[in-house]
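Participant: I would like the atomic coordinates for the input below:
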Amino acid sequence: MVVLEQVHRKLGPGVAFACERFHAPEGAQMALWGPSGCGKSTMLNLISGLLRPHAGVIRVDGTEIQKLSESALDAFRGERYGFIFQTFNLLAPFSALNNVLIGMRFSDVIPEKEWKERSKAMLERVNLGHRLHAKPATLSVGERQRVAIARALVNRPRLIVADEPTGSLDPKTANAVMTLLLELCAEEKVTLLLVTHDRGIADRLPDLFDCSGLVKEVAS
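Facilitator: Alright, predicted model coming up:
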């Protein structure tokens, strides 16, 4: 599903990201683990196409994304990816339901006439069927992250990229959110790449990629 080969990206004077080989097969649930500053978020941003490599190949679902134009890459992301962030990135003026519905506008995988029912179904699956019309300010942090998970999965993506999705949660809530996320990705047959610096969270996933040493000092 995701392959990196000889990927290099200069990050600043004397510092560069370098990954010689990475492979996450279809359906994998893999933690990108390592200490702060090791390059794990840079790697996720490269896989997401939010950063472009200066050299190398990044292949997602058979497509070399570094070759795509910006518009083609935007369309590819809308159809293939779901994103989960540490800070949830929910839109404050809108209800939980509308936050998920808005996410459906970035893909044409599901017919528009099915958007509302699909959004409701995903919120019910994350145990928020009773909070469809609640705005983010009235939700707990765990509930906000569950809305974000529903939004990420609602378009039936092929790949979920999650950047420290439990970083804002207390341990008990983090454990519950991780259980839900892993169950949903398995049910939906979605590949999951999850960045974390927490080894306890990383060890909950079947696969782990140690990102230590991906960022290196180089000659300017």
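Participant: mind listing what's buried in the helix or strand of the chain with the lowest mean pLDDT?
Facilitator: For the chain, using mean pLDDT, DSSP states H and E, the weakest element among its helices and strands is strand 215-217, scoring a mean of 88. Across strand 215-217, burial judged by 16 or more other CB atoms under 10 Å covers residue 215. (C-beta placed from N, C-alpha, C; glycine too.)
Participant: And the pLDDT for residue 86?
Facilitator: For residue 86, the model assigns a pLDDT of 86.
Participant: Please apply the same query to residue 220.
Facilitator: Reported pLDDT for residue 220: 60.
Participant: And residue 95, by the same measure?
Facilitator: 97.
Participant: and if you look at the one 3 residues further on?
Facilitator: With respect to pLDDT, residue 98 scores 96.
Participant: Can you give me the distance of it to residue 136?
Facilitator: Using CB to CB, to the nearest Å, residue 98 is found at 11 Å from residue 136.
Participant: Find residues that contact each of these two.
Facilitator: By the contact definition CB atoms under 8 Å, 6 or more residues apart in numbering, residue 98 and residue 136 are jointly contacted by residue 91.
Participant: Just want to know which of the two has more residues nearby.
Facilitator: Set side by side, residue 98 and residue 136 show more neighbours around residue 136, with 20 against 16, by other CB atoms under 10 Å.
Participant: which non-adjacent residue is nearest the more buried one?
Facilitator: residue 90 (4.4 Å; CB to CB, 6 or more residues apart in numbering).
Participant: From residue 84, how far out is the one you found?
Facilitator: 11 Å.
Participant: For the longest helix along the chain, which helices and strands make contact with it?
Facilitator: In the chain, with assignment by DSSP state H, the single longest helix is helix 171-188. Applying 3 or more CB pairs under 8 Å, 6 or more residues apart in numbering; DSSP states H and E, one finds that helix 171-188 contacts strand 29-33, helix 141-153, strand 191-196.
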